[in-house]
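> structure for the following, please:
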Amino acid sequence: KSKSKSKSKSKPHDHPKKNTSTTNTVLQLGGSEPSQLREASQTVLQLTDRGYCDYLALNLNCGCPSPKVAGRGCFGAALMDDPHRVRDLVTSMHLGSEGRLPITVKCRIGTDCNHDGNTSDDNDNDNKQYGQLQHFIETVASSNVVTDFQIHARIAILGKKLSPADNRKIPPLKYHLVRRLVNDYPDLTFSLNGGLETIPDVQRELGDCPNLRGCMIGRSFAANPWHFAVADDLLYYPDLHDTDECNNYANHDNDNYNENNNKDNNYMVGKPQNRFEVLREYGKHADAEEALWDPIKIRRFLVKAIQPLFAGEPNAKRYRIALDAIAAMPKQDFQMNLNQNQNQNQDNKHCVQTPPISELIMNAAMEHLSDDVLYRSPMESYDRFLWEEERRKEKKVVVAHSLSSSSSSSSSTSQIVTEWQSLRKEEEDAQKN
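Down below sits the predicted model:
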């Protein structure tokens, strides 16, 4: 009756490089067949024992509203309408991983299949939705396998042909239903997802509901990772941050407000002090990867990882254009060698004559980005963000991209996310062509 997407395209021998570091990564699986999810979990455990991966937990996707997933695939958000199947699925994952990996569930607050489709915020509709959500949580938790849930605080609209993007915007956010779960089920843990774009958004929600286990941010993090470089410091060690720093920023000449003005924060020791250091360390990683793999095949993936590092900064677009040119170099050089009838009998990666990728990305950064941008510390960048947000409020800048009345995401952050999504779509379209 249903299809599963839990099987992997890769095989153990496709991963010759073993994992040598402990990570904080959770692997999400999607599927609707218990036997296949059990097999997938067994495979993960085998790869873990052989040193190829080191996941903290396995997660079951019960929230994706994509027609390919929740429609033809019969999993993702569609599973919320069949909590007993979800209970069977997480039990199979638990057995497949021999109980050595925690099993968690990522879901929504429900779907449109079990109510009248009304997306208003009236109490009757909320109570009905919450009752269905309770049934799902209690049924899944009765497996004695899952105690941790990550909840996108929107319903998934499956009865209409909405795109995944529309399903992230049209259904209203209902954070209060997740807060009710936190209060009603103290033996379970819940993380909030949906509509959160900045660290202040997270601080607000954790302040409103201190017993939340955490908050989950996806696209905003991918679109502007530098904004979250101080997340741990602000969320776990807030007393160590000078809350008046953003006011101090306004008293400095912006062009001269650099690392020399930074306080000696002991809790920053061992962390990258600026984006110049991040690029330098990433360059070493990229060089090592290209020594192991063919640059023609992996260069574009390596470059893509650092494209959003300077989101929202002056000349960030110029730097991205330079990175695109760097990504194309191996293939262009190889084609040039072929045209000149040189190195035809050699391995492709030996045909590439460009400088190391580390040198290329650093040279591009120094050419297009200012010293203030390159050497500004994470906390200085965050304080600048707060200061600019205060200035926007003073000028009464209207937030054009508001997700809901309960979300106060900044206009600048929304614009960065929108731009990142547009670039991502352009890349996907280019790959199809």
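
> after the one helix or strand in the chain whose mean pLDDT sits lowest, which helix or strand is next?
Least confident element among the helices and strands of the chain, by mean pLDDT, DSSP states H and E: helix 245-250 (a mean of 42). Next in sequence after helix 245-250, counting helices and strands by DSSP states H and E, comes helix 275-292.

> Gly131: neighbouring residues, count only.
The number of residues packed near Gly131 is 11, by other Cβ atoms under 10 Å. Just so you know, the C-beta spots here come from the backbone N, C-alpha and C atoms, and that holds for glycine as well.

> got the angle between whichever helix in the chain runs longest and helix 275-292?
Longest helix in the chain, counting residues (DSSP state H): helix 316-339. On the basis of axes from the mean of the first three to the mean of the last three Cα atoms, to 10 degrees, helix 316-339 is oriented at 20 degrees to helix 275-292.

> hmm, who's touching the helix or strand that helix 316-339 is followed by?
Note on helix 316-339: by DSSP H and E, the next helix or strand toward the C-terminus is helix 357-368. Defining contact as Cβ atoms under 8 Å, 6 or more residues apart in numbering, one finds that helix 357-368 is touched by 276, 279-280, 282-284, 286-287, 290, 295, 299, 302-303, 306, 315, 318-319, 322-323, 326, 329, 354, 374.

> can you check stretch 81-89 too?
31-32, 34, 37, 60, 62, 79-80, 105, 111, 113-114, 135-136, 139-140, 142-143.

> contacting residues around Thr189?
Counted by Cβ under 8 Å, 6+ apart, Thr189 has contacts Thr147, Asp148, Phe149, Arg213.

> burial measure for the last one, as a count.
As a burial measure, the neighbour count of Arg213 was computed by other Cβ under 10 Å and equals 15.

> and Gly110, what are its phi and psi?
phi 150, psi -170 (degrees, to the nearest 10).

> and the pLDDT for it?
Per-residue pLDDT puts Gly110 at 94.

> that one bridge partners, please.
Gly110 has the following beta-bridge partners by DSSP bridges: Ile155.

> pretty sure it contacts Phe136?
Yes: using Cβ atoms under 8 Å, Gly110 makes contact with Phe136 at a distance of 7.5 Å.

> which residues do the two both contact?
Met80.

> ok so, going back, helices and strands around the longest helix of the chain, which ones?
Under the contact criterion of 3 or more Cβ pairs under 8 Å, 6 or more residues apart in numbering; DSSP states H and E, helix 316-339 touches helix 295-304, helix 357-368.

> in it, which residues are buried?
316, 319-320, 322-323, 326-327, 329-331, 333-334, 337 (16 or more other Cβ atoms under 10 Å).

> report all helices and strands that the one helix or strand Gln134 maps to contacts.
Per DSSP H and E, Gln134 falls inside helix 123-141. Under the contact definition 3+ Cβ pairs under 8 Å, 6+ apart, helix 123-141 sits against helix 83-96, strand 103-111, strand 148-156, helix 175-184.

> how about those, which one is nearest Gly218?
Nearest to Gly218 among those is strand 148-156; the distance by Cβ to Cβ comes to 9.6 Å.

> contacts for stretch 58-72 next, please.
3, 5, 26-30, 37, 41, 44, 75-80, 86, 89-90, 93, 97, 101-108, 150, 152, 156-158, 161-162, 164, 167.

> re earlier: now the longest helix of the chain against helix 295-304, angle please.
180 degrees.

> burial measure for Asp232, as a count.
11.

> show the pLDDT at it.
The model's pLDDT for Asp232 equals 89.

> how near is it to Tyr282?
19 Å (Cβ to Cβ, to the nearest Å).

> got it, and Met93?
On the measure of Cβ to Cβ, Met93 and Tyr282 end up 34 Å apart.

> those two: who's more crowded?
Met93 (28 against 20).

> hmm, the more buried one is touching Gln28, no?
No: the pair Met93 / Gln28 is not scored as a contact, 11.1 Å apart, by Cβ under 8 Å.

> what's the neighbour count on the closest residue to Leu162 other than its chain neighbours?
Closest residue to Leu162 apart from its sequence neighbours, by Cβ to Cβ, 6 or more residues apart in numbering: Ile170 at 6.6 Å. Per other Cβ under 10 Å, the neighbour tally for Ile170 reads 14.

> which residues touch Val140?
Pro83, Val86, Arg87, Val90, Val105, Val146, Phe149.

> which secondary structure elements does the helix or strand containing Ala222 sit against?
Taking DSSP H and E as the criterion, Ala222 maps to helix 219-223. Applying 3+ Cβ pairs under 8 Å, 6+ apart, one finds that helix 219-223 contacts helix 411-432.

> quick one: contacts for Pro272?
Ala229, Val278, Glu281, Pro378.

> now render these as CSV, adding neighbour count and distance to Glu419.
As requested, the contacts of Pro272 are exported to CSV (neighbours: other Cβ atoms under 10 Å; distance: Cβ to Cβ, whole Å):
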residue, neighbour count, distance to Glu419
Ala229, 19, 20
Val278, 19, 21
Glu281, 12, 26
Pro378, 23, 21
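
> closest to Asn127 among these?
Nearest member of those to Asn127, counting by Cβ to Cβ, is Ala229, at 41.3 Å.

> residue contacts, the nearest residue to the closest one once chain neighbours are set aside?
Closest residue to Ala229 apart from its sequence neighbours, by Cβ to Cβ, 6+ apart: Pro378 at 3.7 Å. Pro378 makes contacts with Trp226, Ala229, Val230, Met268, Lys271, Pro272, Gln273, Asn274, as judged by Cβ under 8 Å, 6+ apart.

> from what I see, the third one and Ile199 are in contact.
Yes: the pair Val230 and Ile199 passes the contact test of Cβ under 8 Å, sitting 7.4 Å apart.

> what do these two both touch?
Common neighbours of Val230 and Ile199 (Cβ under 8 Å, 6+ apart) are Tyr382.

> what number of residues lie near the nearest residue to Leu27 once chain neighbours are set aside?
Once flanking residues are discounted, Leu27 sits nearest to Tyr55: 4.6 Å by Cβ to Cβ, 6+ apart. Using other Cβ under 10 Å, the number of residues around Tyr55 comes to 20.
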